[in-house]
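Trainee: What shape does this take:
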Amino acid sequence: MTHIKHPIGRGWQKRFTFPEGPLWRLGLPTGVRRRMPYTGIMCGRFVQYRPMAEVASYLGVKQDHILAADRPPRYNIAPSADILAVRTDPEGCRELVCVRWGLVPAWAPEPRTGYAMINARAETVDTRPAFAPAFRRRRCLIPADGWYEWQRVGARARQPWYFHPHHDRPIAFAGLWEHWERGAQTLDTGLVIVCAANALAAPIHDRMPVIVEARDFALWLDPATPRAAAKALLRPAAPESLYAYPVSRLVNSATHEGPALIRRKEP
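Mentor: The predicted structure is shown next:
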C-alpha cells in the first residue's frame with residue numbers, strides 16, 4: 001500500500017491509502033466524499049435541476065424507458081452521489097437510469113476501489129485499462145444544467161465559477177458506465193470525460209467536461225460506432241455556446257444545496 005499526498009488538509013496520511021498501480025492516478029482519493037471541500041481536480045461538481053421528463057425528452061428517452069426514480073433538483077452534485085445517465089439497453093433503446101458517480105471497473109475486487117474515478121481524460125480514455133472496455137461498449141450521456149470550476153485567487157483561496165449553456169435546455173456530458181457484480185452485490189457506476197478547456201474556461205481551469213451535441217447523441221451511444229469516430233466527438237464545446245460567472249463559495253461544501261448556489265456573485 002502507498003500513501004498519496006493530496007491537498008485536502010492535515011491528516012490525509014492517516015485517512016487515505018491506495019493500492020499500487022494506475023487507479024489512484026485517475027482522480028480523487030477514495031476517501032473524498034461530499035463532506036470534503038472541493039480541491040480543483042477536473043470536473044468535480046455539477047448541477048441537475050430540470051424535471052426528469054424534460055431531460056428524458058431532450059435526450060430521446062421514451063416514457064416507459066425512464067428507469068430512474070424521480071428526484072428533487074440538485075445544485076451541488078459531488079463524487080460518490082447518484083446521478084442520472086442515459087445509455088442504450090440490449091435492444092438499442094435509450095434508457096434513463098441512475099448510476100453512482102465514480103466508475104468501478106468490472107474487474108475491481110470491491111466497489112470502493114473505483115469511487116475516485118470520477119473523470120477520464122479524452123486523450124487516453126480509449127487506451128487506459130480501467131476505461132477502454134467501457135469506452136468500446138458502455139458509453140453514456142450524463143445530463144446536466146451546468147458545472148462548477150474553481151479559479152485560484154492568491155496563494156490559498158479559490159473562487160468557484162458556474163458554467164452553463166446559452167440555450168434553455170439541458171446539456172449532455174460524454175460519460176462511461178460500468179456494471180460491477182460480486183455475488184448478490186451489484187452496482188452501476190459512471191464517470192464524466194474531460195478534455196482541454198476552451199477559450200472561455202481556460203482562464204479558470206485547464207480542463208472541462210466534454211459536451212456532446214444533440215446531433216451526435218446516437219453516434220456516441222451506439223456501441224457499433226468505430227472507436228476513432230467516437231473519440232472524434234471528444235472535443236471542447238464552442239466558447240460562444242456557454243456562459244460563466246463567479247458564484248458564492250457556499251458551493252465549496254457539498255452539504256449546501258439550492259438554487260442560490262448558481263446565482264451570480266455580486267462584486
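Trainee: ends of stretch 130-149, how far apart?
Mentor: Stretch 130-149 has an end-to-end distance of 25 Å (criterion: CA to CA, to the nearest Å).
Trainee: can you give me phi and psi for His256?
Mentor: phi -90, psi 140 (degrees, to the nearest 10).
Trainee: got a list of what it touches?
Mentor: Asn76, Leu250 (CB atoms under 8 Å, 6 or more residues apart in numbering). To be clear about C-beta, it is placed using only N, CA and C from the backbone, and glycine gets the same treatment.
Trainee: gap between it and Pro51?
Mentor: 22 Å (CB to CB, to the nearest Å).
Trainee: go on, Arg137?
Mentor: Arg137 is 30 Å from Pro51, by CB to CB.
Trainee: Backbone dihedrals for Val210, both of them.
Mentor: phi -80, psi 130.
Trainee: Do you know the pLDDT at the closest residue to it other than its chain neighbours?
Mentor: Computed as CB to CB, 6 or more residues apart in numbering, the closest residue to Val210 that is not its neighbour in sequence is Ala174, at 4.0 Å. Per-residue pLDDT puts Ala174 at 98.
Trainee: How about the one 3 residues further on?
Mentor: Looking at Trp177, its pLDDT stands at 97.
Trainee: for the helix or strand hosting it, packing partners?
Mentor: Assigned by DSSP states H and E, Trp177 falls within strand 171-182. In terms of contacts (3 or more CB pairs under 8 Å, 6 or more residues apart in numbering; DSSP states H and E), strand 171-182 is packed against strand 82-88, helix 132-137, strand 139-144, strand 185-196.
Trainee: among these, which is nearest Phe46?
Mentor: strand 139-144 (4.9 Å; CB to CB).
Trainee: so what's the most centrally placed residue in the chain up against?
Mentor: The centre of the chain sits closest to Val192, judged by CA atoms, centre = their mean, with a distance of 3.4 Å. By CB under 8 Å, 6+ apart, the contact set of Val192 is Cys43, Phe46, Trp101, Ile118, Asn119, Ala120, Ile142, Phe173, Ala174, Gly175, Pro209, Val210.
Trainee: So the second one is in contact with Tyr162, correct?
Mentor: What it means is Phe46. No: counting by CB atoms under 8 Å, Phe46 does not reach Tyr162; the two are 9.9 Å apart.
Trainee: Common neighbours of these two, please.
Mentor: Common neighbours of Phe46 and Tyr162, counting by CB under 8 Å, 6+ apart, are Gly146, Trp147, Tyr148.
Trainee: Let me know the pLDDT of the last one.
Mentor: pLDDT recorded at Tyr148 is 97.
Trainee: Would you state the strands of the chain in chain order?
Mentor: 46-48, 74-77, 82-88, 94-101, 119-121, 139-144, 146-153, 157-165, 171-182, 185-196, 207-209, 242-246 (DSSP state E).
Trainee: And the third one, what does it pack against?
Mentor: Read it as strand 82-88. Partner elements for strand 82-88 (3+ CB pairs under 8 Å, 6+ apart): strand 94-101, strand 139-144, strand 171-182, helix 217-221.
Trainee: how far out from the middle of the chain is it?
Mentor: 11 Å (CA atoms, centre = their mean, to the nearest Å).
Trainee: For that strand, give me every contacting residue.
Mentor: With CB under 8 Å, 6+ apart as the criterion, strand 82-88 contacts 48, 52, 55, 59-61, 68, 77, 94-101, 138-143, 172, 175, 177, 190, 221-223.
Trainee: And the last one, by the same measure?
Mentor: Counting by CB under 8 Å, 6+ apart, the neighbours of strand 242-246 from elsewhere in the structure are 151, 159-166, 198, 200-201, 204, 264-265.
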